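Visitor: okay, predicted coordinates and the sequence, questions at the end:
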Amino acid sequence: MQIRKSLSISAVLAAITLLPAPAPAQQDRPAYVRALAAGYKAGFVCSNLFNGGLSEEQTEADDLKGTYENLTPLFAKLEARIDKERRTVSVAYDPTMPPRLAVWRPVLGCAQLPIGATPEAAAALPRVQAVTPDLDARRWPTGDRHAIGRARGDGRSLRNGVAKAFDRRSYGQGSETTAVVIVHDGRIIAEQYRPDINMHSSQRSWSVGKSLAATVIGAAVQQGLIDVDAPAPVPEWKAPGDPRGRITTDQLLRMASGLNSDHPGNRTDALYFGGVGVADQAASWPLVAAPGTAFRYSNNDTVLAIRGLQHVLGDGDRSLRFPFDALLWKIGMTRTVPETDWRGNFVMSSQVWTTARDLARLGLLYLNDGVWDGERVLPADWRDYVRRHGPAQPPSGYGYGASWWMFPRNASLPQDAIVARGNRGQYVVVIPSRRLVIVRRGFDGNGMNFDLDAFTRDVLETLK
């Protein structure tokens with residue numbers, strides 16, 4: 001397998017996905033920054049331990065380094081107290097305030113209580129009446145049995161190329177790969193993990209969660225529950241005369257809502273680490289452009305699309321069960337945990353814990369045009385829908401559809417490909433014309449970009 005130097009999707013899109021410096025208003029409030037750092041540590045330790053089966057030491061080495069420049073220096077000074085019986089993690093940060101607290105719940109994972117909340121508030125966290133099914137013994141892809149197939153092509157070059165993805169230099173100096181899974185013609189033909197990770201270890205999805213959120217919306221469209229071309233059913237926008245009431249779910253999925261946000265990119269600290277709810281954080285921003293006319297990459301658009309769907313489903317168990325019953329458990333993604341805020345709103349813009357194999361299953365659903373085991377889970381045209389460019393596009397040259405990316409025309413890569421991508425090097429590449437799914441997981445730090453374009457080209461060269 002030949003390694004080429006190329007301008008990767010990671011590098012070109014760095015302006016969108018790298019973590020910018022915090023807003024000056026936050027820099028001026030050290031108490032708030034410490035509260036965010038405590039919430040970040042409590043949340044990651046909780047989710048890694050109780051969702052992912054990872055240790056506190058792994059969390060310290062991976063998730064608490066190479067991330068947010070304003071928070072990282074504080075993590076070592078903040079002690080995480082783990083209650084394994086109650087499955088909670090608390091982090092004290094101020095002697096005058098209650099510790100930040102993350103609480104794990106079956107199926108729904110960890111939720112952070114708001115800054116200032118006391119442990120008693122954990123009793124009111126939403127929970128779901130469901131038990132995750134054990135599908136491991138079923139045949140791949142729903143289960144793990146008989147998952148491995150033989151590569152059609154140069155298997156040795158393929159294996160060598162996958163190994164190079166872990167060497168921290170061939171596809172990006174300092175990159176940190178934790179998992180690679182390659183599926184061809186429906187079977188896994190290459191699979192490798194970092195020594196302390198296995199096929200059932202889950203990591204945070206980061207913005208790959210956006211593509212998963214769009215898939216949940218697709219399952220709702222298939223069931224006739226939502227019309228993506230109609231105004232998004234976000235309850236906070238239903239007051240007479242509110243111009244945001246015209247924003248469609250389609251525009252939210254395409255990052256073309258026209259809404260302002262903290263800043264373009266992937267920072268919604270108050271929601272992710274401050275315990276602020278979706279309705280308070282995401283639904284409050286005003287318009288700065290006419291809906292559908294401007295591209296602004298924003299976590300808020302994704303969580304608002306899901307917020308609208310949950311409103312249609314109503315409060316309670318049906319809303320919380322829907323992603324699992326309609327999508328995840330249907331296709332064997334039993335180790336995928338989309339977490340919620342403390343009010344029960346899913347934060348699927350990023351806050352999903354999942355495994356490399358589960359992401360391969362997501363890719364296979366699209367490879368099979370939305371059909372799983374004979375059942376149509378997504379509308380017949382959904383794959384074409386998510387890859388169709390909207391009127392508002394990012395300036396990078398890479399196309400953006402409905403929460404999935406496309407390679408640029410000059411990238412020498414298949415033009416029918418769709419790509420889910422997230423911070424720290426999370427990727428799912430689906431190439432229908434080559435019957436191929438590529439999953440790469442990582443803990444890339446700031447400025448350490450894995451060259452997905454080159455890796456994808458090199459994988460393609462090994463296969464018939």
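Guide: That came in fine, so what should we check first? These figures come from a predicted structure and were not determined experimentally.
Visitor: so Leu74 touches Ala35, yeah?
Guide: No. Using C-beta atoms under 8 Å, Leu74 makes no contact with Ala35, being 10.2 Å away. From N, CA and C alone the C-beta is placed, and that goes for glycine too.
Visitor: so between the two, which is more surrounded?
Guide: Ala35 (22 against 19; other C-beta atoms under 10 Å).
Visitor: which SS class is the more buried one?
Guide: helix (DSSP: H, G, I helix; E, B strand; the rest coil).
Visitor: so what's it up against?
Guide: By C-beta atoms under 8 Å, 6 or more residues apart in numbering, Ala35 lies in contact with Tyr93, Asp94, Met97, Arg100, Ile115, Gly274.
Visitor: ranking helices and strands of the chain by mean pLDDT, which lands last?
Guide: helix 14-17 (a mean of 40; mean pLDDT, DSSP states H and E).
Visitor: related to what we said a few turns ago, kindly indicate which of the contacts of Ala35 lies nearest Arg87.
Guide: Arg100 (15.7 Å; C-beta to C-beta).
Visitor: surely that closest one meets Ser90?
Guide: Yes. Contact criterion C-beta under 8 Å: Arg100 and Ser90 qualify, at 6.8 Å.
Visitor: ok, Ser205 - contacts?
Guide: Leu212, Ser350, Gln351, Val352, Trp353, Thr354, Leu359, Gly422, Gln426.
Visitor: how about the fourth one: which residues does it bridge to?
Guide: What it means is Val352. Taking DSSP bridges, one obtains Pro338 as the residues bridged to Val352.
Visitor: that one and Thr336 touch, don't they?
Guide: Yes. Using C-beta under 8 Å as the test, Val352 is close enough to Thr336 to be in contact (6.5 Å).
Visitor: joint contacts of the two?
Guide: In contact with both Val352 and Thr336: Leu212, using C-beta under 8 Å, 6+ apart.
Visitor: all helices for the stretch 351-464 of the chain, in order.
Guide: 356-367, 382-387, 452-462 (DSSP state H, counting those that start in this stretch).
Visitor: which of these sits most buried?
Guide: Stretch with highest mean neighbour count among the helices of the stretch 351-464 of the chain: helix 356-367 (a mean of 25; mean count of other C-beta atoms under 10 Å).
Visitor: by contact count, what packs against that one?
Guide: strand 177-184, strand 187-193, helix 208-222, strand 418-422, strand 426-431, strand 436-442 (3 or more C-beta pairs under 8 Å, 6 or more residues apart in numbering; DSSP states H and E).
Visitor: make TSV out of the ones you listed and add mean pLDDT.
Guide: Below are these laid out as TSV (pLDDT from 0 to 100):
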stretch	mean pLDDT
strand 177-184	98
strand 187-193	98
helix 208-222	98
strand 418-422	97
strand 426-431	98
strand 436-442	98
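Visitor: which one of the helices of the stretch 351-464 of the chain lies nearest to Asn410?
Guide: When these are compared for distance to Asn410 using C-beta to C-beta, the nearest one is helix 452-462, at 10.8 Å.
Visitor: between strand 177-184 and the closest one, find me the angle.
Guide: 40 degrees (axes from the mean of the first three to the mean of the last three C-alpha atoms, to 10 degrees).
Visitor: nearest to Met199, of the contacts of Ala35?
Guide: Distances from Met199 to these, taken by C-beta to C-beta, are shortest for Arg100, at 31.9 Å.
Visitor: so what's the closest one closest to, chain neighbours aside?
Guide: Ala38 (4.0 Å; C-beta to C-beta, 6 or more residues apart in numbering).
Visitor: enumerate every residue touching that neighbour.
Guide: Ala38 touches Leu78, Val91, Ala92, Tyr93, Pro99, Arg100, counting by C-beta under 8 Å, 6+ apart.
Visitor: ok, the residue most central in space within the chain - contacts?
Guide: Among the residues of the chain, the one closest to the centroid is Gly209, at 2.3 Å (C-alpha atoms, centre = their mean). Residues in contact with Gly209, defined by C-beta under 8 Å, 6+ apart, are Thr302, Pro338, Met348, Ser349, Ser350, Gln351, Val352, Gly422.
Visitor: the fourth one is in contact with Ala214, isn't it?
Guide: No. Taking C-beta under 8 Å as the contact criterion, Ser349 and Ala214 are not neighbours in contact, 10.9 Å apart.
Visitor: mind checking how far Val303 is from Ser257?
Guide: 11 Å (C-beta to C-beta, to the nearest Å).
Visitor: oh sorry, the question was meant for Asp384
Guide: 22 Å.
Visitor: now Thr336
Guide: 26 Å.
Visitor: neighbours of the residue nearest to Asn300 when sequence neighbours are not counted, just the number please.
Guide: Counting by C-beta to C-beta, 6+ apart, Asn300 lies nearest to Ala282, which is 4.0 Å off, once chain neighbours are set aside. Per other C-beta under 10 Å, the neighbour tally for Ala282 reads 29.
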